[in-house]
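**Q** Predicted model and sequence follow; I will ask about them next.
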Amino acid sequence: MRSIEPGISTGEPINLEIPDRRVRAVRNDGGWLLISPCGRREIRATDWLRFPHLALQMNILLLGSGGREHALAWKIAASPLLTKLWCAPGNAGIANEAECIALDVADHPAVIDFCKTNKVDLVMVGPETPLVAGIVDDLTAAGIKAFGPSKAAAQLEGSKGFTKALCTEFNIPTGAYDRFTNAADALAYVRKQGAPIVVKADGLAAGKGVVVAMTLGEAEAAIAMMFDGGFGAAGAEVVIEEFLEGREISFFALCDGETAIPLASAQDHKRVFDHDQGPNTGGMGAYSPTPFVTPEIHDQIMARIIRPSVAGMKSRGTPFRGVLYAGVMLTAQGPKLFEYNVRFGDPETQVHMLRMMSDLVPALLACCDGQLKNFDLRWFPDPALTVVMAAKGYPGDYAKGTRIDGLDDAAKIEGVEIFHAGTVAKDGAILANGGRVLNVCAMGKTVREAQQRAYAAVDRIRWPDGFCRRDIAGQALEQG
């Protein structure tokens, strides 16, 4: 084990010898988290230890089952602060990093009971649905630390109208919009505004509740579908907003209710087919960093969108703690917000975790404990890229249970990491168990090298029932 002078941060990954484990991590101030050897107690971000040879103990429960959660599990498992990691419910890939447990995340009392029984120190909530349902409130009330926003703050994703109203109140740049609770008024509005125009279900719709209507007919069909129950209760209210022209990017910031620190820039690819064709999806690939977020644009997004949102939520009495995920359009008038999500992105998390040099766990604790003002994150300079492999038919109907082979061979390519998004292990085989099924990731010295490695790995995977886009990061490569 390489030693470090107390109080000095090398800025490079270090190896720590923990019994039966070898892990890598970087602290940001040269210190390490302390767990009292005299007994278990609440763990806070301010509990630093300057002697990294001492044993550290922390039990963490991760909620979720997708590619985002596999990437988070992979990163958390590398932390020297970790003693035990569980994931509920997990998937076939996550099982390599954590103990997967059959726990219904919608059953909050069962989650709380598990945490108390197993002395869980931190719950990391991956997907948006339990956040909007208030699981962080319930865990906090039970004395269990949880990463993520309260139910009230999670309305930033739970209601498109809520976010648009926040933008109006605090002068955050966004597209013009209106909200509707009946089809007649919504139809009248789009006929007056014309196309292209964007029609959104107000509530959660698994990333599929947005229709970018290029014609009036498409807009009318989207309105009819939503008010006819196409998205259930999520479509009981509809937000119709201006079509923003520009380049779409994803911008993330960790927040502790008052302070926000940005993550590395990233660009997602929402449309299902190459060259941004076909319907919107949860995301078909991503890369980081993106050349389109220049230092000037980065500063504009922080100053005009992120910080006013955090300050606005605090002034409303609903401070936002967790990760704020802004969908931003880079328009001719400057960056404009078109949506907020209240959790790590999927698939952006997959590239973020590959590039993050810092230990993730102290960052999560700092968000929970209001300590981000004393915090920083470090990143590897090499780009990362992920290609989503999905079941044929996605985002519509698709088959489950199809066999996937060649994963071990694909993972042998230099710089490649494969995260499972929708898989199950059965009789020694890996089977598809969702729409988005695999995240084939790679790092390289350049975006082109990362792209070449990722697609070389894709080509080694034998899955006749799957498909992927072949142009992830194409815009960045055209930019040069």
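**A** That came through, no problem. Numbers count the residues shown, from 1 in each chain.
**Q** Can you tell me the element residue 340 falls in?
**A** strand 334-341 (DSSP states H and E).
**Q** Now the following helix or strand past that strand - C-alpha only, PDB.
**A** Tracing the chain past strand 334-341, the next element assigned as helix or strand by DSSP H and E is helix 348-355. Extracted in PDB, the C-alpha atoms of helix 348-355 (Å, rounded to 0.1, in the frame of the first residue of the first chain):
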ATOM      1  CA  GLU A 348     -25.000   9.300 -18.500                       C
ATOM      2  CA  THR A 349     -24.100   7.800 -15.100                       C
ATOM      3  CA  GLN A 350     -22.300   5.000 -16.800                       C
ATOM      4  CA  VAL A 351     -19.800   7.400 -18.400                       C
ATOM      5  CA  HIS A 352     -19.600   9.600 -15.300                       C
ATOM      6  CA  MET A 353     -18.700   6.700 -13.000                       C
ATOM      7  CA  LEU A 354     -15.900   5.600 -15.400                       C
ATOM      8  CA  ARG A 355     -14.500   9.100 -15.500                       C
END
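**Q** Identify the residues contacting helix 348-355?
**A** 67-68, 70-72, 74-75, 250, 252, 263-264, 266, 268, 283, 286-289, 325, 344-345, 360, 379-380, 382-386, 417, 419, 439, 441, 443 (C-beta atoms under 8 Å, 6 or more residues apart in numbering). Any C-beta I mention is one placed from the backbone N, CA and C, and that applies to glycine too.
**Q** now the strands for the stretch 1-150 of the chain?
**A** Applying DSSP state E, counting those that start in this stretch to the stretch 1-150 of the chain gives strands spanning 14-18, 21-25, 32-33, 48-49, 59-64, 84-89, 99-100, 122-125, 146-147.
**Q** and residue 380, what pLDDT?
**A** On pLDDT, residue 380 comes in at 97.
**Q** re earlier: now that we have the contacts of helix 348-355, which of them are buried?
**A** If you count burial by 16 or more other C-beta atoms under 10 Å, the buried members of these come out as 67-68, 70-72, 74-75, 250, 252, 263-264, 266, 268, 283, 286-289, 325, 344-345, 360, 382-386, 417, 419, 439, 441, 443.
**Q** Give me the subset of those that lies in strands.
**A** 250, 252, 268, 286-288, 325, 384-386, 417, 419, 439, 441, 443 (DSSP state E).
**Q** Domains in this structure, by residue range?
**A** Annotated domains of the chain cover 14-147, 176-242 [automatic domain parsing].
**Q** Just send these back as CSV, with distance to residue 396 and mean pLDDT too.
**A** Listed next are these as CSV, based on distance: least, C-beta to C-beta, whole Å; pLDDT from 0 to 100:
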stretch, distance to residue 396, mean pLDDT
domain 14-147, 19, 79
domain 176-242, 10, 95
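**Q** Distance to residue 364 for those - can I get that in a markdown table?
**A** Compiled in a markdown table, the domains of the chain are given as follows (distance: least, C-beta to C-beta, whole Å):
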| stretch | distance to residue 364 |
| --- | --- |
| domain 14-147 | 5 |
| domain 176-242 | 23 |
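**Q** just so I know, which of the ones you listed lies nearest residue 462?
**A** domain 14-147 (16.2 Å; C-beta to C-beta).
**Q** Could you list the buried residues of the helix or strand containing residue 168?
**A** Secondary structure assigned from DSSP H and E places residue 168 in helix 160-169. Residues 160-164, 166-167 are the ones in helix 160-169 that count as buried (16+ other C-beta under 10 Å).
**Q** following it, which helix or strand shows up next?
**A** strand 177-180.
**Q** and that following strand, which strands flank it?
**A** strand 238-242 (antiparallel) (DSSP bridges).
**Q** what comes into contact with the strand it pairs with?
**A** Under C-beta under 8 Å, 6+ apart, the answer for strand 238-242 is 160-161, 164, 174-181, 186, 189-190, 193, 197-202, 219, 223, 226-227, 338.
**Q** Tell me which other helices or strands the strand holding residue 340 touches.
**A** Helices and strands touching strand 334-341, by 3 or more C-beta pairs under 8 Å, 6 or more residues apart in numbering; DSSP states H and E, are helix 155-158, helix 160-169, helix 295-301, strand 321-331.
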